[in-house]
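Enquirer: What follows is a predicted structure for the sequence shown.
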Amino acid sequence: MMLASRIARFGAARRSGRLICSVLVLVTAASCSNPAGGDPAPDPEAGVVGEGSVDNPYRIRSAEDLNAVRGGALGHEDWDLADHYKLLADIDLAPYSAGEGWSPIGSASSPFTGSFDGNGHSIRRLRIERAADSQGLFGYLSGEGAIRNLSLEDIDLVSGGSDVGGLVGYMASGSVEGCTASGAVSGADNTGGLLGCMAGGAVEGCRASVAVTSAASNVGGFVGAVSGGTIEASCAEGSVSGGEFVGGFSGKNYPDTYFLGMCYARGNVSGGDFVGGFVGGSRDINDDCYSTGRVTGSTNVGGFVGDLSDGVFIRFGPCFFDSETSGQAGQIIDIYPKSSAEMKTQSTYLDWDFDAIWGIDASRNDGYPYLRWELE
């Protein structure tokens, strides 16, 4: 009951001669609402280990438990890469930072095909320094492998190999949903803030706030390269620096079956050849996306996309970039340059869904459109 309401009722009771009864009611209600004197409710998951099934996943409470997901760990002999897991606490991976750091979960020969529910928790201080391919918290995701509701913080990933991402190095198939990443990632070809290379599967409602660097090709703030699958309602906010095919969200989108829509990129982008505020090179479908970062490069540089060559069919419908902050101009197909003021005006984004997917508010995201799930 609100304080003002209680005061009003207290006054009314006094005027009617029922002060003592009102006080007794308030005291009794307070006592009944907290009969244990403030003791917290018991944890329903306490002592639960799980069975590795969808309905009863293995519970993860420590860095040691997380390390056992790869299979074969002492005390977790039944756990393997095809099982299902649920995180019950925030985890600090500092104990696994020595030497080359964390060994990714899953590889090309033994991919992760189970499910991992972060349950709204975070994993901090993931550190990897290894000259190998498929590096990330998870190295290789395939089959029906699923990762959801997880936050990665303070990533420090340096690899001399290809397919490098904060969360997943190589995504052959499966799904990633409701995940975020922050920190720094560096690699060779196909390097991204959240995913290195995506060949299939579905990604939705994710954010990468990662500084991404590479001297090689296919470098993106969210994903290095995309050749299949779908990415929707996601965003990238970190700076990106690369060699060629460098983009604020994706480095290169290959000509294959994929869809990328309702996404945005806010980071500055720099590179050599084929450099774009949103994507370095694209060969397929991008819908309802925008970018705002400053874009610099040597050749084939654009505010939204760097490369649209080879005569391959491309459909953008419609996408936008900030011509003032990007330092770029010029309309290409359905990609429109707009002033900063226009980019912060809802009427600019014709046919975009501002009821269910997008929101716009001068006090959020520097006035640019945001994804509604970001408020949750």
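Expert: Cool, the structure landed.

Enquirer: can you give me the helices in the chain?
Expert: 3-15, 19-33, 63-67, 323-326, 340-343 (DSSP state H).

Enquirer: got the buried residues for the last one?
Expert: Which is helix 340-343. Buried residues in helix 340-343, counted by 16 or more other CB atoms under 10 Å: Glu342, Met343. Backbone N, C-alpha and C define where each C-beta goes, glycine included.

Enquirer: From the chain's centroid, how far away is that helix?
Expert: Per CA atoms, centre = their mean, to the nearest Å, the displacement of helix 340-343 from the mean C-alpha position of its chain is 26 Å.

Enquirer: Could you list the residues in contact with that helix?
Expert: Tyr290, Thr292, Phe320, Asp322, Glu324, Thr325, Thr348, Tyr368 (CB atoms under 8 Å, 6 or more residues apart in numbering).

Enquirer: biggest separation within the residues you listed, which pair?
Expert: Thr325 and Thr348 (14.7 Å; CB to CB).

Enquirer: So these two - more neighbours on which side?
Expert: When Thr325 and Thr348 are compared for neighbours, Thr325 comes out ahead with 21 against 18, by other CB atoms under 10 Å.

Enquirer: my guess is that one contacts Val295, does it?
Expert: No - with contacts counted by CB atoms under 8 Å, Thr325 stays clear of Val295, the gap being 9.2 Å.

Enquirer: State the number of residues packed around Trp352.
Expert: If you count neighbours by other CB under 10 Å, Trp352 ends up with 18.

Enquirer: start to end distance for stretch 321-334?
Expert: Stretch 321-334 has an end-to-end distance of 11 Å (CA to CA, to the nearest Å).

Enquirer: From the chain's centre, how far out is it? Work that out for me.
Expert: Worked out by CA atoms, centre = their mean, stretch 321-334 lies 26 Å from the chain centre.

Enquirer: Use 159 as the first number for this chain going forward.
Expert: Happy to do that; since the first residue is 159 now, the last one works out to stretch 479-492.

Enquirer: buried set for that stretch?
Expert: Neighbour-count burial for stretch 479-492 [16+ other CB under 10 Å]: Phe479, Asp480, Ser481, Glu482, Thr483, Ser484, Gln486.

Enquirer: Okay, Gly517 and Arg530: tell me how far apart.
Expert: 5 Å (CB to CB, to the nearest Å).

Enquirer: try Phe462
Expert: In terms of CB to CB, Phe462 sits 23 Å off from Arg530.

Enquirer: do the same with Asn444
Expert: 20 Å.

Enquirer: Have a look at the two and say which one is more surrounded.
Expert: Using other CB under 10 Å, the more surrounded residue of Asn444 and Arg530 is Asn444, with 26 against 16.

Enquirer: pretty sure that one is touching Leu418, no?
Expert: Yes - in this structure Asn444 lies within contact range of Leu418 using CB under 8 Å: 4.9 Å.

Enquirer: Now for those two: what residues contact both?
Expert: With CB under 8 Å, 6+ apart, Asn444 and Leu418 have common neighbours Asn411.

Enquirer: Please name the bridge partners of Ile249.
Expert: Ile281 (DSSP bridges).

Enquirer: That one and Arg283: what is the separation?
Expert: Distance, Ile249 to Arg283, using CB to CB: 9 Å.

Enquirer: just how off-centre is the strand ranked longest in the chain within its chain?
Expert: In the chain, taking DSSP state E as the definition, the longest strand is strand 304-317. Taking CA atoms, centre = their mean, the mean C-alpha location of strand 304-317 is offset from the chain mean by 9 Å.
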